[in-house]
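Colleague: A structural model of the following input is requested.
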Amino acid sequence: MADDDIPFEHNFDPKADEVQQVSPLIRRVLAPNPGPFTFTGTCTYIVGRGELAIVDPGPDNAEHVQALIEATKGERVANILVTHTHRDHAPASRALQAATGAAIVGCRPYEPRHANAQAAGLDAAHDTDYRPARVLSEGDTVEGPGFTLEAIATPGHASNHLAFALREENALFSGDHVMAWSTSIVAPPDGSMNDYMASLEKLRDRSETIYWPGHGGPVREPQRYLRALIHHRHQRETAILTRIKAGDTLIPEMVERIYEGLDARLKGAAALSVLAHLEDLVARGVVRADGPPRLATHYTPA
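Modeller: Next comes the predicted model:
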């Protein structure tokens with residue numbers, strides 16, 4: 001969901017399943033799953049030479065898995081790393097593991113935050129069959145010849161989201177937490193605005209000079225970009241509070257006024273983003289709710 005106050009980059013259009021050498025240690029292969037939430041598709045990254053790690057193998061797509069197998073022919077895929085369990089990032093790990101014998105490592109399996117999430121279909125975005133051989137925590141590393149990948153906990157977009165720092169290139173595989181083409185969707189109940197903002201602030205204390213995201217091209221000047229993302233979220237919060245003070249009590253009313261001209265396909269995601277802000281505002285005592293924060297709850301000034 002693009003916003004004018006952030007320097008988004010939309011000129012990213014490589015061919016699906018084409019192998020691109022984007023840095024000395026990184027090859028990128030774009031999955032053929034474009035869409036309003038995936039941009040041109042999921043970016044899968046091959047790290048190293050000879051003995052490899054693959055970051056975010058992508059959706060359950062046989063052509064994409066075959067492209068990764070062809071791209072690494074004559075080399076050994078030792079590890080498959082997963083940033084989070086959304087279905088556009090994790091499912092191909094199993095077919096790739098079957099073909100290569102690599103270990104699946106990375107984020108923890110998805111666990112619903114609320115007991116009714118599965119019954120309500122709210123966890124449909126997650127790959128619930130994902131089973132890593134090793135769950136990585138903050139600071140854990142995966143190593144190969146000439147490279148080290150360090151796990152950085154970045155919850156918010158997803159509660160189990162990790163980023164991976166490539167120490168040798170001062171780079172970060174940022175998954176869906178920070179992307180150059182759009183802001184990340186933060187959708188309750190699994191997504192948390194409070195966690196998302198804390199993870200953005202956390203990355204501001206790090207030194208990486210380029211981010212390789214799950215969708216779209218690289219994030220250059222990441223510290224400047226992080227400041228813009230944080231500022232944008234503060235502006236969105238102010239806009240929500242303005243609408244509540246003006247008398248809007250329901251999320252659909254706020255979405256219509258805050259996101260004027262938004263693609264109809266994205267209105268559901270916009271509503272969930274507003275809900276994520278309202279969850280945080282209610283928890284902080286800034287806004288009152290007539291029940292648990294949900295899409296149909298009424299909200300009023302505190």
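Colleague: Which positions within the helix ranked longest in the chain qualify as buried?
Modeller: As assigned by DSSP state H, the longest helix anywhere in the chain is helix 222-245. Using 16 or more other CB atoms under 10 Å as the test for burial, helix 222-245 gives 222, 225-226, 228-229, 233, 236-237, 239-241, 243-244. Where you see a C-beta, it was placed from the backbone N, CA and C, and this is true even at glycine.
Colleague: correct me, but Pro132 touches Cys107?
Modeller: Yes. Assessed by CB atoms under 8 Å, Pro132 is found in contact with Cys107 at 7.5 Å.
Colleague: Next one, pLDDT for the spatially most central residue of the chain please.
Modeller: When CA atoms, centre = their mean is applied to the chain, the residue found nearest the centroid is Asp176 (1.8 Å). As summarised for this prediction, Asp176 has a pLDDT of 98.
Colleague: Which positions in stretch 18-27 come out as buried?
Modeller: Under the neighbour-count criterion of 16+ other CB under 10 Å, stretch 18-27 has Val19, Val22, Ser23, Leu25, Ile26, Arg27 buried.
Colleague: ok so Ile54 is a strand residue?
Modeller: Yes. Ile54: assigned to a strand according to DSSP: H, G, I helix; E, B strand; the rest coil.
Colleague: and Pro132 and Cys107? which has more neighbours close in?
Modeller: Neighbour totals were compared for Pro132 and Cys107, and Cys107 leads with 27 against 19 (other CB atoms under 10 Å).
Colleague: Report how many residues lie close to the closest residue to the more buried one other than its chain neighbours.
Modeller: Nearest in space to Cys107, with sequence neighbours left out and distances taken as CB to CB, 6 or more residues apart in numbering, is Asn160 at 4.3 Å. The local packing of Asn160 (other CB under 10 Å) involves 23 other residues.
Colleague: so is Asn160 in a helix, a strand, or just coil?
Modeller: coil.
Colleague: and if you look at Phe173?
Modeller: Assigned state for Phe173: strand (three-state reduction, three-state DSSP).
Colleague: For it, which non-adjacent residue is spatially closest?
Modeller: Sequence neighbours aside, Phe164 is the residue nearest to Phe173 in space, at 4.3 Å (criterion: CB to CB, 6+ apart).
Colleague: Give me the below-cutoff pLDDT ranges for the protein.
Modeller: 1-5, 114-123 (pLDDT under 70).
Colleague: rerun at 50
Modeller: Within the chain, the ranges that satisfy pLDDT under 50 run 1-4, 116-122.
Colleague: Spell out which residues make up each domain of it.
Modeller: Domain ranges of the chain: 19-229, 232-301, per automatic domain parsing.
Colleague: where along the stretch 201-302 of the chain do the helices fall?
Modeller: 222-245, 251-258, 267-283 (DSSP state H, counting those that start in this stretch).
Colleague: Nearest to Ala31, out of these?
Modeller: Nearest of those to Ala31, taken as CB to CB: helix 267-283 at 20.2 Å.
Colleague: What is the closest one packed up against?
Modeller: In terms of contacts (3 or more CB pairs under 8 Å, 6 or more residues apart in numbering; DSSP states H and E), helix 267-283 is packed against helix 193-204, helix 222-245, helix 251-258, strand 287-289.
Colleague: Report the distance from it to the chain centre.
Modeller: Centroid displacement of helix 267-283 relative to its chain, using CA atoms, centre = their mean, to the nearest Å, is 17 Å.
Colleague: And for stretch 77-84?
Modeller: The answer for stretch 77-84 is 15 Å, by CA atoms, centre = their mean.
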